[in-house]
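Trainee: I'll drop the sequence and a predicted model, then ask my questions.
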Amino acid sequence: MVVGGEGVCRPHSGNVSDHAPASLLTTVITSSFSLIYPLCASTCNMKSETDSSTESSTSRLDPSSWDILVLSTIIKILLFPAYRSTDFEVHRNWLAITHSLPISQWYYDSGVGPHDSPNFTCHSHKPVALDYPPFFAYFEKILSVPASFIDPSIVDLNNLNYNSWSVIVYQRSTVIITELLLGAVLLKFIRSAVDPSTQRIISASLFLHPGFLIIDHIHFQYNGFLFGILLWSILMARNGRKLASGILFAILLNFKHIYMYLAPAYFIYLLRSFCLSPSGNFEIKNFLSLANAVIAVFVLSLAPFALMGQMQQLISRLFPFTRGLNHAYWAPNAWALITAADRVLLKCLDYLLRFLRQLRCLYVGAQNSGKEVPINLAGVASTSRGLVGDTVFAVLPNVKPLHTFTITIALQSIVLIKLWFQPTYKSFLTALTLCGYSSYLFGWHVHEKAVLLILVPLSLLAAERHAYFRTFVIATVAGIFSLFPLLFTPAESVIEVVYSLVWFTLIYLPLSKRVYEYPKSLPYVILDVLEKFYLGGFILLQLFVAIFPLGISWYSRRKGLEQAVDERMEFLPLMMTSVYCAIGMVWGFLRLIFIYLHEDTSYQGQLSTIQ
Amino acid sequence: MADFPDPSAPSPPKSSRNSLHSFPRSSSASSVTGTPLAINTNSNILRFRPKPSPSPEILAPQPRRHLLESNASQSWLHTPPLSPASSRGISPTSTRGFSPHLHSNGQQSFRSIMDHGVSKLTSVKETSSPETGAGRRWIRWSHKRGMRASLITVVFLTCVLVKMCVGLGSYSGENTPPMYGDYEAQRHWMEITLHLPTTRWYTYDLQYWGLDYPPLTAYVSWVCGAVARSINPAWVALDSSRGIETATSKVFMRLSVVAFDSLVYVPALLFFSRIWLAKRSKRTQDLAFLLLMFQPALSLIDFGHFQYNSIMLGLTVMALNCFATGRDSLGAVLFVLSLGFKQMALYYAPAVGSYLLAKCVMLGPKAGGRLFVHLGVATIATFTILFLPWLPPFSSSPFALLDPLSRIFPFARGLFEDKVANFWCASNVVVKWNKWASQGILVQGAAALTLLGFLPTVVIVGKSAWDLNTWFLRPSSSTSPAENDSDQKQQDPEPSTLPLLPLLLYSLLTSSMSFFLFSFQVHEKTILLPLMPLMLLFSGSTPDSDIFAWGALGSNVAVFSMWPLLKKDGLSLPYFVSILLWNRLTGHNPFKLIRTVLPYTSLVHLLSTCVYSAIFVLHVLEPFVKAPARYPDLFPVLNVLVSTPVFMCIWLWSIKSCIQVSWAITGPSGSGFSVGDHQIQHRDRAMSVMSDASDLPSSSSTSVARQLRDDGTRASSLGYAQMKKKRRTSTHSVSGMSSAVPAPPSSSFLSRSNGSIAVTGHS
């Protein structure tokens, strides 16, 4: 099954015309294509255009894809009046900034000189400058043009917290429309897949991913569009067009810099498989074309700001290092586990000290001077404050940004070494996932939304074999569950839970039948059972999270307490969610890295056929 | 209850189903009509097909019969080609096989020759564009992937999701302080039922949303109120909670509707699809359930506008299910509960009442009398229990009952409220009724017209029962032939319950529609009542049948007729979106209908085209054209003028269908049927008539052909369950064509009734 060869070098315009009936898609795609086409046309022309006509007969979007598109769009449209986070206002503000201010002031708060608070506070009365890279700013600029026609007050700079129906409909529908890029790319994934029927399920699962629904369509962001570009880049890698893949990733980096989590895998993969021949010879031509293309992309993005001498300001906007180790709600990563452990240790020590003191009172009498276990008082205060801002450990040694970087890079380099020696598509995909994974687990100030960086590439591996599938299931369930606290309004909470449940059922049942394997030996059986128990625990956790606030209010009514219980207990469900999900995430990471390093070479999954 | 397909069933049908997937998408019936297919049914080939190209790929030769032969046979049977969108495609065991024998006899009716010509013209178009709904595709996918078991759950959860999403929008009277709207009314009832004694429920501060629904609503409100109090007492605090609109209280209210919907309406629909469509395939049953679940009108009203209609409708559907299984007394109790929830269920009362009485008549003096007494006792007891708090031993004064009754039946209001798509409001454009006649005369006129409206169905049900009565009395006197079928009688505990059943849904439709059109003080939302039986009929129909067309039209127009109301509630977004969703699921495409202007195949098509065009134009014009100051209600009135004729037509169509079904049930009078097979015939006909009564030919010769089809083709090709049941009586034929032909009833019947058709030799 030669898949790589089939899609290798069709001119891009051919791809675009495939979607001609879905006219909605074309506008998005053509605009993006026009960016990339001149850059990679050269490499495409090297190869033949022979098979450009083979797929023309399949150009129609088949009915089931339409069904998925219609059904998902309907749900997204119904979510228009749903809860919006402050990101909604931030994005509206960016529309206003890019529309009304000259480009020189885009990265300065309220258009006047440098600023000193990178944390945008949503209730401030100043417009907050951009903190995404320039391409996203250009993107907002493009979006602001129709907005100014629809309702000029959308792009009014001083119109803070504007929330009329027009701006809601406009911004929400831009998310839906730009997400069509994701849909188009996922369709392309099916076209030339090894096993199209499985890939169809995976593509549908990605298009309907609850993560996108929660983060993009309720919370409000443009992840669907950005992951569309990422998947496009991965698709190019699968089809053997490494140059295009690299360029697309460079473009993506200039849309949102969080994708730097994945950059090491791209770097190694492209270097090894594109700039070096399989025998190890340096392909200078490929290297130069890649380097030039990537540099061109960055120049396109950054040149205006570099010329204006704003690079310093730009970087300080993009990389604010003044934030803490954990985000306000702990993202379920290793640090969440360690922070939780710190809290538990503190409690234990507290009891231990009290116990010791009692002992001392009994036996030593009046002597009160003695060695105390060193407890960081700031850390104690940090616990009582709940989960806000900077995390200071009470018992364990504090973690510095340098530590997190070291651990992340160490883990990534293990993966990358393997990738260097095995630069296949499947290996690349796994390494990509693992890079994102290790950054997520050990990064500094990771936001829970970043979990999509793991879940999206991991989904592509889901149907590879049972080991991957189980990893996918654990990471997905834990990751999506960890997104639930993002929406704290009651109606949306119900919707996200029900949606995720339906989605998971529709993905799990057909895929699990395809990939099921018997556990090999007793330890595997035990692991299997434990993992099932872990997954079942989420039901209990959800019940607890749902019932706990009711129980608290009922209890406090009973006792006549007003605030006391609430304040202490408010964070308990969040903490439990975070810790429980973190266990799954860490376990998923261990599983995946184990599978990657000990891949059973005798077993050839479907993706193994792609070079 | 219903007999589900047993998973441990013998393998032939299963393997045949697998083999079907090898036929790509060209599952159109006319090309693959029934001869045994010599294909390799080894499913491995299919599963590991390396890379199926999206274009159809032929793995086995598709036998193609001679054009004349296949068409003639279909025309002779007047069978519409097995719907191109049929979920199951053609089975090798499908029994079109016997038709050549008919044909070989050289008997072609005039109709068949004519149809042959027509079908030659239209067949190409039919096969090229299979109209499959998303719902059908979804169900097919789930069944293929082995997700049968979880399908119902997934459909249910998806439906809950959509309902919750609709519920995110605003509700009736949101942020309109002095009086608010229906939402506040419901919440207010929770408050008063929770805090006041029963005697004051119907008298407390009537100006502010006094309770005006029957006691079951009050009890349900009390339950909701009790739950609300345990969560947050402020939501239902007496008087002080008026107009409370916090986010959490809204979610609680929305969830209470979802909960009762899931407890009452969803199970009722599930049982309906399993009981009423018991003879159809599992996929058809699932599809019916899905289509009923996603009905936009009800979800917009219940989850957007805010009401608890699904409880009333659910209880009625449950009652229908009980009637279908012969538990008439239980059905009567459930129907009274439905009445006790909302008095609007009275719209169904003529139909239900006439059905039950007719059944008593049909069963004859002894059994019928017993049934009558049971029904009477059940009904009176249920009413008594419902109204117990207002009856003497529990209430202080003997006249306490008047409080709820006067609240439930208000005669002091106008002829119609707002703009509602019924006869009075539509004709009010021309004839100003309020100027012409006094209130009293109008009330009497409305009552008389309503009576006239549902009289036909009552008469038809009564007459059919009378005819059947004479029939059923006979076999008791002559015993000899009936013993042949004794084993089948044992399977079917009470075969006599079913003959009248197919009339029931049509009769419900006629009666509720006549109430909607002609009665007094009707609200837009009341269209939900006629819509329910229409949707029940629709759910089991095939996409090319008349019922499908009427049902789709009726549903879309019903939602459209509520547009002014929904727009006022701020639900325009959910309105458009849920209409789109439902039409996508059913595969009904109004735009396509408009585009294919000619040739009109039927009245429905013509009507739908006109109405959809009008609706489309109205919706496009409304945002841009401002209504002139002289006619501020221009658009609502136009809405009424578009909707009313459709409802009128549906009402007339339902009467027509009633008549046809009654013919189908009672048979042509005076024909030489022998008595032995009656019960079996009735049972078989009863179920299949339901789905496509409008296709019924009226002459007795075609009804013979129809009988053939009911017993053989359709049932065995679609009804896996039935096939299993019937296999017991059939002889397995080597040719493979007729392995599933249910031999005894149809063949014996045919051989006796019409000797020229030699079918019996085959099985």
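Mentor: That came in fine, so what should we check first? Note that this is a predicted model, so its numbers are computed, not measured. Numbering: from 1, shown residues only, chains lettered A, B, ... in the order given.
Trainee: what segments of the stretch 301-450 of chain A are strands?
Mentor: For the stretch 301-450 of chain A, strands defined by DSSP state E, counting those that start in this stretch do not occur.
Trainee: name the residue of it that lies nearest to chain B.
Mentor: In the stretch 301-450 of chain A, the residue that lies nearest chain B is A:Tyr425 (17.7 Å; Cβ to the nearest Cβ). From N, CA and C alone the C-beta is placed, and that goes for glycine too.
Trainee: can you check which helix is longest in chain A?
Mentor: helix A:522-559 (DSSP state H).
Trainee: ok, that one near chain B or not?
Mentor: Yes. With Cβ under 8 Å from any Cβ of the partner chain as the criterion, chain B is reached by helix A:522-559 at A:550, A:553-554, A:557.
Trainee: can you list the residues you listed in JSON lines and add neighbour count and pLDDT?
Mentor: Output for those, formatted as JSON lines (neighbours: other Cβ atoms under 10 Å in any protein chain shown; pLDDT from 0 to 100):
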{"residue": "A:Leu550", "neighbour count": "12", "pLDDT": "82"}
{"residue": "A:Ser553", "neighbour count": "14", "pLDDT": "79"}
{"residue": "A:Trp554", "neighbour count": "14", "pLDDT": "80"}
{"residue": "A:Arg557", "neighbour count": "13", "pLDDT": "77"}
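Trainee: between the residues you listed, which sits nearest B:Ala149?
Mentor: Of all those, B:Ala149 sits closest to A:Leu550, with 32.6 Å by Cβ to Cβ.
Trainee: and the stretch 201-350 of chain A, which residues reach chain B?
Mentor: With the criterion set to Cβ under 8 Å from any Cβ, the stretch 201-350 of chain A never comes near chain B.
Trainee: show me where pLDDT drops low in the stretch 201-350 of chain A?
Mentor: When residues are selected by pLDDT under 70, those of the stretch 201-350 of chain A lie in A:321-329.
Trainee: confirm B:Arg630 sits in a helix?
Mentor: No. Under DSSP: H, G, I helix; E, B strand; the rest coil, B:Arg630 sits outside any helix and is assigned coil.
Trainee: and the gap between it and B:Arg136?
Mentor: 49 Å (Cβ to Cβ, to the nearest Å).
Trainee: any stretches of the chain with poor pLDDT?
Mentor: You didn't say which chain, so I picked chain A. For chain A, the ranges with pLDDT under 70 are A:1-60, A:109-127, A:321-329, A:363-392, A:560-569, A:600-605, A:611.
Trainee: actually it's chain B I care about, not the one you picked
Mentor: With pLDDT under 70 as the threshold, chain B has low-confidence stretches at B:1-131, B:410-418, B:470-498, B:595-601, B:667-763.
Trainee: break chain A into its domains for me.
Mentor: As recorded under automatic domain parsing, the domains making up chain A are A:12-43+A:62-79+A:183-318, A:86-162, A:401-609.
Trainee: just send those back as TSV, with distance to B:Thr526 too.
Mentor: Below are the domains of chain A laid out as TSV (distance: least, Cβ to Cβ, whole Å):
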stretch	distance to B:Thr526
domain A:12-43+A:62-79+A:183-318	26
domain A:86-162	39
domain A:401-609	29
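Trainee: picking that back up, excluding chain neighbours, what is closest to the residue of the stretch 301-450 of chain A closest to chain B?
Mentor: Spatial nearest neighbour of A:Tyr425, excluding adjacent residues (Cβ to Cβ, 6 or more residues apart in numbering or on different chains): A:Ile610 at 4.2 Å.
Trainee: do the same with B:Leu388
Mentor: That would be B:Phe394: by Cβ to Cβ, 6+ apart, it lies 6.0 Å from B:Leu388.
Trainee: go on, B:Leu356?
Mentor: Excluding the flanking residues, the one nearest B:Leu356 by Cβ to Cβ, 6+ apart is B:Leu375, at 5.6 Å.
Trainee: what of B:Phe520?
Mentor: Nearest to B:Phe520 is B:Ala446, by Cβ to Cβ, 6+ apart, at 4.2 Å.
Trainee: now do B:Gly243
Mentor: B:Tyr180 (5.7 Å).
Trainee: rewinding a little: what's the distance between the residue nearest to A:Tyr425 and A:Ile234?
Mentor: 11 Å.
Trainee: okay, the two: which has more neighbours?
Mentor: Taking other Cβ atoms under 10 Å in any protein chain shown, A:Ile610 and A:Ile234 do not tie; A:Ile234 has more neighbours (25 against 21).
Trainee: OK, contacts around the more buried one?
Mentor: Neighbouring residues of A:Ile234 by Cβ atoms under 8 Å, 6 or more residues apart in numbering or on different chains: A:245, A:429, A:432, A:457, A:460.
Trainee: show me where the stretch 251-400 of chain A has helices.
Mentor: Ranges of helices within the stretch 251-400 of chain A are A:263-273, A:284-307, A:311-318, A:334-363, A:377-384, based on DSSP state H, counting those that start in this stretch.
Trainee: pick the most deeply packed of those.
Mentor: Among the helices of the stretch 251-400 of chain A, helix A:263-273 has the highest mean neighbour count (mean count of other Cβ atoms under 10 Å in any protein chain shown), at a mean of 21.
Trainee: can you pull the contacts of B:Arg145?
Mentor: B:Arg145 sits in contact with A:509-510, A:513, where contact means Cβ under 8 Å, 6+ apart.
Trainee: ok, now with 7 Å
Mentor: A:509-510 (Cβ atoms under 7 Å, 6 or more residues apart in numbering or on different chains).
Trainee: now it: how far from A:Gln422?
Mentor: Separation of B:Arg145 from A:Gln422 (Cβ to Cβ) stands at 33 Å.
Trainee: same deal with A:Ser148?
Mentor: Counting by Cβ to Cβ, the separation of A:Ser148 from A:Gln422 is 51 Å.
Trainee: pretty sure B:His588 contacts B:Gly551?
Mentor: No. Using Cβ atoms under 7 Å, B:His588 makes no contact with B:Gly551, being 8.8 Å away.
Trainee: looking at the two, which is more packed in?
Mentor: When B:His588 and B:Gly551 are compared on other Cβ under 10 Å, the one with more neighbours turns out to be B:Gly551, at 25 against 22.
Trainee: what's the closest non-adjacent residue to the more buried one?
Mentor: B:Phe538 (2.7 Å).
Trainee: report the secondary structure state of that neighbour.
Mentor: The three-state label given to B:Phe538 by three-state DSSP is helix.
Trainee: any idea which element the residue of the stretch 601-750 of chain B found nearest chain A lies in?
Mentor: Among the residues of the stretch 601-750 of chain B, B:Pro623 lies nearest to chain A; the distance is 13.5 Å by Cβ to the nearest Cβ. Taking DSSP states H and E as the criterion, B:Pro623 maps to helix B:603-624.
Trainee: helices or strands up against that helix?
Mentor: With contacts taken as 3 or more Cβ pairs under 7 Å, 6 or more residues apart in numbering or on different chains; DSSP states H and E, helix B:603-624 sits against helix B:546-561, helix B:590-595, helix B:634-666.
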